[in-house]
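A.B. asks: no sequence for this one, just the structure:
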């Protein structure tokens, strides 16, 4: 399973670091992603990281502001979010899988950007 | 990367079938056989229902099927049941991107 943490209320321009703890599978052999969903809106893919961290991709909406990383020794995935904007308010999910086939999702963590 | 286009809503009576379309471009849906479909109930995380256009993960009923023609993928739910009422999203691999559809709310009448 996947369990996200680190969400909360942050002011515009602020930073937040999300974590995703994996269990029940060999984390180090799977690529991982972050996906978000703004209130009442659809799903938006944000970022991908390969199993060895050798390949990383970002959506244009977060490129240069968000950084994905992982620690295979700790079975953990991270998302460092800087320069947060109102429109970054959303539930953030971590999800396992390559090629847009995300077979395991966390329960999500809410990030609210507001002054 | 623009979102894939889905109809906002679809509906059917119990036992009937409903088909949801997902239209992209040759850079995503049409370019790869990596289209997935997700079911999301209110307040819950999405659940993978179809991957690689037409494959079902273990545990997903065979009432759910997927297909693709050109730049458009489709999800068909046969034998509609009350628990199928949910939001459905397609997604596609697009090289260095992954893109989701706009979402379709399926109502069981």
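C.D. replies: Good, I have the coordinates. Just so you know, these numbers come straight off a predicted model, no measurement behind them. Numbering: from 1, shown residues only, chains lettered A, B, ... in the order given.

A.B. asks: tell me the centre residue of chain A?
C.D. replies: residue A:34 (3.2 Å; CA atoms, centre = their mean).

A.B. asks: what's near enough to touch that one?
C.D. replies: Residues near residue A:34 by CB atoms under 8 Å, 6 or more residues apart in numbering or on different chains: A:18, A:20, A:45-47, A:66, A:68, A:77, A:79, A:92-95. For the C-beta atoms, the positions are set from N, CA and C on the backbone; glycine is no exception.

A.B. asks: Of those, which is the most crowded?
C.D. replies: residue A:94 (30 neighbours; other CB atoms under 10 Å in any protein chain shown).

A.B. asks: Mind pulling up the pLDDT for the most far-flung residue of chain B relative to its centre?
C.D. replies: The centre of chain B is farthest from one residue, residue B:96, which by CA atoms, centre = their mean lies 21.2 Å away. pLDDT, residue B:96: 90.

A.B. asks: Surely it and residue A:56 touch.
C.D. replies: No: the criterion here is CB atoms under 8 Å, and residue B:96 misses it with residue A:56 at 9.6 Å.

A.B. asks: got the residues of chain B near chain A?
C.D. replies: Counting by CB under 8 Å from any CB of the partner chain, the residues of chain B close to chain A are B:1, B:3, B:32, B:34-36, B:38, B:40, B:45-48, B:51-52, B:57, B:89, B:91-93, B:96-103.

A.B. asks: Narrow the residues you listed to those in helices?
C.D. replies: Using DSSP state H to define helices, no part of those is located there.

A.B. asks: Can you flag the buried ones in the residues you listed?
C.D. replies: For these, a neighbour count by 16 or more other CB atoms under 10 Å in any protein chain shown gives the buried set as B:1, B:3, B:32, B:34-36, B:38, B:40, B:45-48, B:51-52, B:89, B:91-93, B:97-103.

A.B. asks: residues contacting the closest residue in space to residue B:45 that isn't next to it in sequence?
C.D. replies: Leaving aside its chain neighbours, residue B:45 sits nearest to residue A:105 (4.0 Å; criterion: CB to CB, 6 or more residues apart in numbering or on different chains). Neighbour list for residue A:105: A:2, A:35, A:93-96, B:45-47 [criterion: CB under 8 Å, 6+ apart].

A.B. asks: Name whatever forms a beta bridge with residue A:105.
C.D. replies: Taking DSSP bridges, one finds residue A:95 as the beta-bridge partners of residue A:105.
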